[in-house]
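1. Okay, predicted coordinates and the sequence, questions at the end:
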Amino acid sequence: MSGSHMLLIVAPIIIPLIGGAIFLFLGDRRHVLKGAINLAATATVLALAIVLLRVTADGPVTVTLLGNWQAPFGIVLVADRLSALMLVLTGILAFATLTFSLARWHSAGAHFHSLFQFLLMGLNGAFLTGDVFNLFVFFEVLLAASYGLVLHASNRARVGAGLHYIAVNLAASLLFLIGVSLIYGVTGTLNMADLAIRVPAVAAGDRALLEAGAAILGVAFLVKAGMWPLSFWLPNTYSVAAAPVAAFFVIMSKVGIYIVLRLSLLAFGEHAGALAQFGDPWLMVGGMMTIVFGSIGVLASQDLARLASFNVLISSGTMLAAIGLGDVGVTEAALYYLVNSTLAIAAFFLLIELIERGRAPGADVLAVTMEAYGEDLDEPEEEVGVVIPVTMAVLGIGFICCALLLSGQPPLSGFVAKFVLLAALFQIPGPEVDGFTVASSWALIALLLISGLAGVVAMARAGIRTFWLPLDNTIPRVRVIEMAPIVVLLALCIILTVQAGPVMRFMRDTAQSLHVPQDYVRNVVSTPRLPTGEQR
Amino acid sequence: METVLALSIGVLTASGVWLLLRPRTFQVIIGLSLLSYAVNLFIFSMGRLMVGEPPVLDPGGTGDLSNYADPLPQALILTAIVIGFATTALFLVVLLASRGLTRTDHVDGREPMP
């Protein structure tokens, strides 16, 4: 492995660390300077992530031995296709939300830029690390930064939600530690690749202990991913957080998904012998319950931010159920769905803030009440031939795009994602699979269609309430740099639609290397130490 | 020794969970602290309990678990303590902010209806 590759892996973690630290030394009022540095740092990280994606797309799993110790003993950073994909996704979201926040949000509280960079560092670290305990450290880095960001521009609602969010996540971190230490106690390793080698060899008597450890560890990640019934904190927190923060947090629930996907396939993949596919039925059922919960939540939400938060849950549930099926084709489709839903929900969170800006507080609740009592709805139509202001038109088109993406309607990538997922699910029923898998794949097909319907109903209702009901709305003042990130995110979804073929090919390679992790394991374990001057 | 350790972990965890589920913010933070002590002890026990053994391998002896203390869980605990300390301090600040904004120490920010 060459030195430039090593730099490429370490840089997405180091650059945000240095960036975040620099902001601490700059005064509180130098928002413009901080914004410029932050934008440059984030753009650099995104560019590096794209380079890393191009490197890993050809196949090689790039490994860096931190501290130059051979793999099971030292901490390693590993970049394979999935890590690189998540890094690029994080970079895109970071860049978009940062640009959005520069219009006004970044100066609404102290240390926004530092916290933003530390969150970016924690996310990149969590996606790149190949060591379970190091993952805990990066998890805590990103959580600590997210605690600060939830409270950004703090008001009563944010402090209240932040309190619950922190308590839940501290408890989850403790579960994380218990799970990690149980796994260490049984297998004697913390390295993910080494874990894949040792899990099949665990003695039958220790297997229950290992299963307990993996289950407890899984609960910690599922809290983050928002699986029902561990997800009640999520809508409350995401819906009150500042818009750019909430949009960036969309990737945080995907961290939990990423780890579940990686660890379940590494440690409990098909090669794991007696422990193969451990926990998959739980993921399957839990994921489906999450879709149900999310769909009900979407239908019941009165305000737009909660609607978006419950969409996060539907997306998480779909991913978890797809992972639980443990089928290469489904994983491949689910990865496409992951990228699409992350971009769409983030764009939706940003859009909501712009829409809400023009409305009186509580307008949503008022609109629902009016619907229920039929008040004022039959007033004479006076406004024939009203000029639609450009801002409202752009916001409306953005809203329609988000609605199409989130409910999976043609012609945008939401439809492609749902289509490939359904197609992969229809492939499953066959003579060689057991009855439970067949039943659950049919159930998932039904749930995906129902959740799509719930999405259409909820989004249509919200759109009518927001754009068509005459509730003396003022036209929101929107700046170009607030609209641009949304347009970019939605444009990326359109590119995903047009370039669906190449993207799906990449996802297929990714899914195959995840389901057959021998390459990953061999690369990590066999990476040699770099020669040093003092080596004897 | 195993019994004492197991009992203390159990008591700390039970008290921690009970306090965590109480409605006052201060009880929650004490509960979280107790839980983190319990977890640290638990990590320690996962390296097997040893008395008077060095945490390094003897160059002459064999690398057998029965004659050296595993140093890794101790390093993990150190990390966990530092991180737990920082997050608890942060939680304390949020607790105070919540108390200041809502004038109550109830976790939901308002007193339950009588």
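-> Ah, there it is. Numbers count the residues shown, from 1 in each chain, chains lettered A, B, ... in the order given.

2. tell me what the biggest helix by length in chain A is packed against?
-> Taking DSSP state H as the criterion, chain A has its longest helix at helix A:156-187. Packed against helix A:156-187 by the contact rule (3 or more Cβ pairs under 8 Å, 6 or more residues apart in numbering or on different chains; DSSP states H and E) you find helix A:132-150, helix A:192-198, helix A:207-225, helix A:233-240, helix B:25-45, helix B:72-102. All C-beta atoms are positioned from the backbone trio N, CA, C, and that covers glycine.

3. Chain B against chain A: which residues are in contact?
-> B:20, B:25, B:28, B:32, B:35-36, B:39, B:42-43, B:45-47, B:72-73, B:76, B:79-80, B:83-84, B:86-88, B:90-91, B:94-95, B:97-98, B:101-102, B:107-109 (Cβ under 8 Å from any Cβ of the partner chain).

4. Once you drop chain neighbours, what's closest to the closest residue to chain B within chain A?
-> With Cβ to the nearest Cβ as the measure, residue A:185 is the residue of chain A nearest to chain B, at 3.6 Å. Distances taken as Cβ to Cβ, 6 or more residues apart in numbering or on different chains place residue B:46 nearest to residue A:185, at 3.6 Å, with adjacent residues excluded.

5. what secondary structure does the residue of chain B positioned farthest from its centre sit in?
-> Using Cα atoms, centre = their mean, the residue of chain B lying farthest from its centre is residue B:60. It sits 37.1 Å away. Using DSSP: H, G, I helix; E, B strand; the rest coil, the structure places residue B:60 in coil.

6. next one: residue B:57
-> Look at residue B:57: counting by three-state DSSP, its state is coil.

7. Does it touch residue B:68 like I think?
-> Yes - between residue B:57 and residue B:68 there is a contact at 5.8 Å, judged by Cβ atoms under 8 Å.

8. Compare those two (neighbour count), which wins?
-> Set residue B:57 next to residue B:68 and count neighbours by other Cβ atoms under 10 Å in any protein chain shown: residue B:68 wins out with 18 against 12.

9. rewinding a little: what about the residue of chain A closest to chain B, distance to residue A:455?
-> From residue A:185 across to residue A:455, the span is 44 Å (Cβ to Cβ, to the nearest Å).

10. Which one's more surrounded, the two?
-> Just comparing residue A:185 and residue A:455: by other Cβ under 10 Å the higher neighbour count belongs to residue A:455, 26 against 20.

11. so when I look at the more buried one, I'm seeing a helix, right?
-> Yes - assigned with three-state DSSP, residue A:455 falls within a helix.

12. I figured it hits residue A:408, correct?
-> Yes - in this structure residue A:455 lies within contact range of residue A:408 using Cβ under 8 Å: 7.2 Å.

13. Out of the helices and strands packed on helix A:156-187, flag the one nearest residue A:34.
-> For residue A:34, the closest of the helices and strands packed on helix A:156-187 is helix A:132-150, at 15.1 Å, according to Cβ to Cβ.

14. Which neighbouring elements make contact with the closest one?
-> Other elements packing on helix A:132-150 under the criterion 3+ Cβ pairs under 8 Å, 6+ apart are helix A:112-128, helix A:156-187, helix A:243-267, helix B:72-102.

15. Let's see that helix as CSV, backbone CA atoms only.
-> Taking Å, rounded to 0.1, in the frame of the first residue of the first chain, the C-alpha atoms of helix A:132-150 are listed here in CSV:
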residue,chain,number,x,y,z
VAL,A,132,-14.9,-2.1,17.6
PHE,A,133,-13.7,-0.1,20.5
ASN,A,134,-12.3,2.6,18.3
LEU,A,135,-15.8,2.7,16.9
PHE,A,136,-17.1,3.4,20.4
VAL,A,137,-14.7,6.4,20.6
PHE,A,138,-15.8,7.8,17.3
PHE,A,139,-19.4,7.2,18.3
GLU,A,140,-18.8,9.3,21.4
VAL,A,141,-17.1,12.0,19.4
LEU,A,142,-20.1,12.3,17.0
LEU,A,143,-22.6,12.0,19.8
ALA,A,144,-20.9,14.7,21.9
ALA,A,145,-20.9,17.0,18.9
SER,A,146,-24.5,16.2,18.2
TYR,A,147,-25.5,17.0,21.8
GLY,A,148,-24.1,20.5,21.2
LEU,A,149,-25.8,20.8,17.8
VAL,A,150,-29.2,19.8,19.1
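
16. could you give the angle of it to helix B:72-102?
-> Helix A:132-150 runs at 10 degrees relative to helix B:72-102, counting by axes from the mean of the first three to the mean of the last three Cα atoms, to 10 degrees.

17. If you average the pLDDT over helix A:132-150, what comes out?
-> In this model, helix A:132-150 has an average pLDDT of 90.
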